[in-house]
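A.B. asks: With the input below, show me the fold.
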Amino acid sequence: MKIMEIYVNHMVQPVGYQLDDLRIEFKVSAEEFVQMTKQLTIWTTDKNQPVYQTKPAAYETNYFDVDLTLAPRTRYFFEISLSNDEQCIIGESFFETGKLTETFAADWIANQNKKLPNTLFKKTFSVAKAPISARLYMTGLGVYEAYLDDNKIGDEYLAPGVTAYDQWVQVQTYDVSQGLEEGNHTLTVSTGDGWYKSPYGFDGGKANIYGDQHMIIGELYLNYADGSQEIIKTDASWQTTSGQITHSGIYYGEDIDATIEITDWQPVVTIDHNKNLLQDRLSLPLKVKETIVPKALLKTPLGEDVLNFGQNQAGWLTFYSREPKGTKITFEMSEVLQEDNFYRDNLREARAAFVYISDGEEKWVRPHFTYYGYRYVRITGSSQPIQLTDYKAQVIYSDMKDTGNIITDNSKVNRLFENVRWSQKSNFFDVPTDCPQRDERLGWTGDATVFSNTAAFNMDVFQFFKKYMKDVAIEQARFDGMVPMYAPAMGTTDGGAAVWGDAATVIPWNMYETYGDSAILRQNYVSMKAWVDWITQHSKTENLWTGMFQFGDWIALDGENPALPTGKTDEDFIASVYYYYSSLIVAQTAEILGYEQDVIFYKNQAESILSAIRSEYITAKGRLSIDTQTAYALALYFELVPAEQLSRVSKDLVSRLSKDNDHLQTGFVGTPFICQVLSKYGEHKLATKIFLHEDFPSWLYAVNMGATTVWERWNSIEPSGTMNPDGMNSLNHYSIGAIMEWGYKYVLGIKEHTPGFKTLTYAPNFDYRLKHVSGYFKTPYGKFVAEYQIEADEKHTIHTTITVPFGVSVQVDLPRSSGIPVQVNGNEQKGGQFVLTCGTYHISYIPTENYVEYYHAETPVADIMADPLMMEKIDEIDDVLNFFRKDPAAVAGGLGSMSLTKLNTLLPFIHISVSNLEKINQALVETPIISERH
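C.D. replies: Here you go, the predicted model:
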């Protein structure tokens, strides 16, 4: 038994973060569960003089909620002990505070020239003796990099991240203890426009949204062994000049002229900028998380030199320059080729280029104050032969840890799930952006809302969303509770739409459900209430949400007007459903936090809204007035009808899908739920069928078209390979990747769970098309692993192996296993419903009904004509198939999608007798489909 991982507010050894609602948690590695006693001890300088210590307590949870007033600029060490009569195990770690509420003594400093694209600041100082520790508390506007003696400080980029800079500016804390030996040193800071000053927003963006001048503020603390301290701060003694970056912007890219000599240092000017905006950081750092080498150098039909990195992603290009002095080389980024030529029109107004003028020195070169979404790079101006080894794509995203994945025996499904993960990485860029490539890259609230559960399965996003929810709350405070379309709002005032605005309630609730930490509810409770109250105040109909702008079921395919992407599902219905759901979330949150009056008020409000929805949109017998896939999905997911009517609504959804040829018509709102509700209400086979479609519209359509990330539209690229002419063609947009939540829950089998996954249900839904599935999810307690193989032998045996982490209890509920022998680690038990605790378990059983798929009476003719054995059996009964042999076009067309039973009733020239049709259908149900015959 070992303590393997220790977290402080869901981070490992955080330095300089806001640490409100301090929680210390840990994961235990063990082969089995044994009862232990836990204890936490915290100290600063002397372990024997703790500043905080819990009483020994029985291990029931893996965390401590710590009630401790923290001091600024202090490192706290701590020890977790787990013990019983047989053993005692210890885990140690630390966390360190930043400035907290301590006021900066330093000044904001700037160059008097506001138009500089790249402002440099420097301070030379002497160190008489090496300090035992040194910390730099620094921030800048727009974005900055700090250097000590020409060595970059830290491994993060584009600090201080993106916020509403007129409301709060994050301060970064850097440990620079190793770089300060006795002697002279120079601290240099380089700044660029970033989100603060460069054009941002639609149609190329608006410049200077938050300010028009670069500035920095910082304090360097040198701490000596004798207890003394020296502070070097930004003030009038610093110097400033312009740097080699001649232009940069988030959309623009960056231009560097390395031939420029850094001269003309001048005294800085001090700026009377509000220091009360300064706060310790919440943002996870933006880091180079992965590096990709190019797969090929392409010569296009137009003669262009284009690098293909093989993967759409976000970050920047770095290259080894071998160019002579004065050579200008240009790199342009794109996601896709058209007719095998370089193409970038879908980037709209974003220039997205990197220009470098060489100083003649051979070295690695990179941008500093921008980033790109790209797969392809067009190179112009190179005077040297292009060598693939001279180029790398550095993938940048917020510093989140991987927590989950799913692998199946279907390579296209695996590629889809990889695409989902890549789109999450590309867009979780300090805020959850919609896309990383064009002139948008905004923290859209709706995208984040529908994807937040999938995000939390894939990666540890608690801290990421904690910061984003502060972005949302800050904008809400400006708009009397209204949630903007995106946060930060970047100077806009639009918002107040369902699903998008419900980020205020849904995201904190989903994070609580996943991580079990009520702090995120407590921190956002005022904003959660404010959002629901804003709807109440502005809706035109009591207990419904009507009469306001809505996005509807964005990019749905069932809209009556093709020019409008809002879909056919009534916008007020969608809005009212989310009004109900958000009111219910606030009531449940109030109960958790102990606000009894709010529980009563918002529970009653939710019930009144539900009653109004039923009165307006649902008949007494459970028939919806809106016949769309999304409407049925919402009714089932949010249980808008009484329990006894859910099966009726499920059947109506199946009927609607049948009318739509079992293909999706859903947009942002319906897509995350459609397969989930089908699987939940007994239609997992249909859910899997829809999931595995490969024609438009489907998830695998994009995979077949070569996608390496999730697209904004179902058909951002048309079957011909050309871009969709309707526009909005981001090829790196995670929203419809929310299907992966269904994968974790219903395919892998991680079903219901208590907040924080202290208990969970393992109940996979097996399907013949996905016979071998494996995956994992790193719960807050540890890594839950599951793998299964169905139809493992001629006896139809099912094998599944699961690993349960320490502290977790798993309710196993295996399908088709009631009352039969089930082997668990070699021991037989009756039935596949039982509870497991920590350990690895090998389970096998022969199900009460096998998972071999057979033909059936509704099998399409096209499937029959693709199977020689089935054709032979039918030929022995009737000569009906001769018609299709003579007319192959009929098979490929609409007739091929119909069953023989249906065609026999529709077409006068198909005459199958009643007795022959009965024999044909009997032959169908007795014959395994072609893929099932080993």
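A.B. asks: can you pull out the helices in the stretch 101-250 of the chain?
C.D. replies: Using DSSP state H, counting those that start in this stretch, the helices of the stretch 101-250 of the chain run over 194-197.
A.B. asks: Could I get the full set of strands for it?
C.D. replies: With DSSP state E, counting those that start in this stretch applied, the stretch 101-250 of the chain shows strands at 108-110, 119-127, 133-141, 143-148, 151-152, 156-157, 169-175, 183-192, 215-223, 229-233, 239-242, 245-249, listed in chain order.
A.B. asks: Need the per-residue pLDDT for H684.
C.D. replies: The model reports H684 with a pLDDT of 98.
A.B. asks: Could you do E794 as well?
C.D. replies: Looking at E794, its pLDDT is 88.
A.B. asks: Tell me the secondary structure at it.
C.D. replies: Here E794 is recorded as coil under DSSP: H, G, I helix; E, B strand; the rest coil.
A.B. asks: mind checking how far it is from V852?
C.D. replies: With distances taken as CB to CB, to the nearest Å, E794 is found 11 Å from V852. Where C-beta positions appear, they are placed from N, C-alpha and C, glycine not excepted.
A.B. asks: can you check H772 too?
C.D. replies: 15 Å.
A.B. asks: now the strands: where do they sit in the stretch 251-400 of the chain?
C.D. replies: Counting by DSSP E, counting those that start in this stretch, the strands of the stretch 251-400 of the chain are 253-257, 266-267, 269-271, 278-280, 286-292, 296-299, 305-321, 328-334, 336-338, 341-343, 353-357, 363-365, 372-380, 391-398.
A.B. asks: Pull the residues that contact the fifth one.
C.D. replies: I take that to be strand 286-292. Residues outside strand 286-292 that contact it (CB atoms under 8 Å, 6 or more residues apart in numbering): 155-159, 161, 309-311, 313, 315, 392-399, 425, 429-430.
A.B. asks: May I see the strands of the stretch 251-400 of the chain organised as TSV, with distance to T445, mean pLDDT and mean neighbour count added?
C.D. replies: Converted to TSV, the strands of the stretch 251-400 of the chain look like this (distance: least, CB to CB, whole Å; pLDDT from 0 to 100; neighbours: other CB atoms under 10 Å):
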stretch	distance to T445	mean pLDDT	mean neighbour count
strand 253-257	27	98	22
strand 266-267	44	98	12
strand 269-271	33	98	16
strand 278-280	22	98	22
strand 286-292	21	98	17
strand 296-299	38	98	13
strand 305-321	20	98	21
strand 328-334	27	98	21
strand 336-338	27	97	19
strand 341-343	30	97	17
strand 353-357	30	98	22
strand 363-365	37	98	13
strand 372-380	20	98	23
strand 391-398	17	98	23
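A.B. asks: could you dump these to a markdown table with distance to A635?
C.D. replies: Output for those, formatted as a markdown table (distance: least, CB to CB, whole Å):
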| stretch | distance to A635 |
| --- | --- |
| strand 253-257 | 47 |
| strand 266-267 | 67 |
| strand 269-271 | 56 |
| strand 278-280 | 43 |
| strand 286-292 | 40 |
| strand 296-299 | 49 |
| strand 305-321 | 36 |
| strand 328-334 | 42 |
| strand 336-338 | 38 |
| strand 341-343 | 42 |
| strand 353-357 | 48 |
| strand 363-365 | 56 |
| strand 372-380 | 37 |
| strand 391-398 | 36 |
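A.B. asks: For burial, what's the neighbour tally of the closest residue to N850 other than its chain neighbours?
C.D. replies: Excluding its sequence neighbours, the residue lying closest to N850 (CB to CB, 6 or more residues apart in numbering) is H796, at 3.8 Å. By the criterion of other CB atoms under 10 Å, H796 has 16 neighbours.
A.B. asks: quick one, what contacts H796?
C.D. replies: Contacts of H796 by CB under 8 Å, 6+ apart are 790, 846-847, 850-852.
A.B. asks: so what secondary structure elements neighbour the one helix or strand in the chain whose mean pLDDT sits lowest?
C.D. replies: The weakest-scoring helix or strand in the chain, judged by mean pLDDT, DSSP states H and E, is helix 888-892 (a mean of 87). Judged by 3 or more CB pairs under 8 Å, 6 or more residues apart in numbering; DSSP states H and E, helix 888-892 is in contact with helix 861-865, helix 882-886.
A.B. asks: Let me know which of these is tucked in deepest.
C.D. replies: helix 861-865 (a mean of 19; mean count of other CB atoms under 10 Å).
A.B. asks: counting contacts, what elements does the helix or strand following it pack onto?
C.D. replies: Sequence order places helix 868-875 as the next helix or strand after helix 861-865, per DSSP states H and E. In terms of contacts (3+ CB pairs under 8 Å, 6+ apart), helix 868-875 is packed against helix 861-865, helix 914-925.
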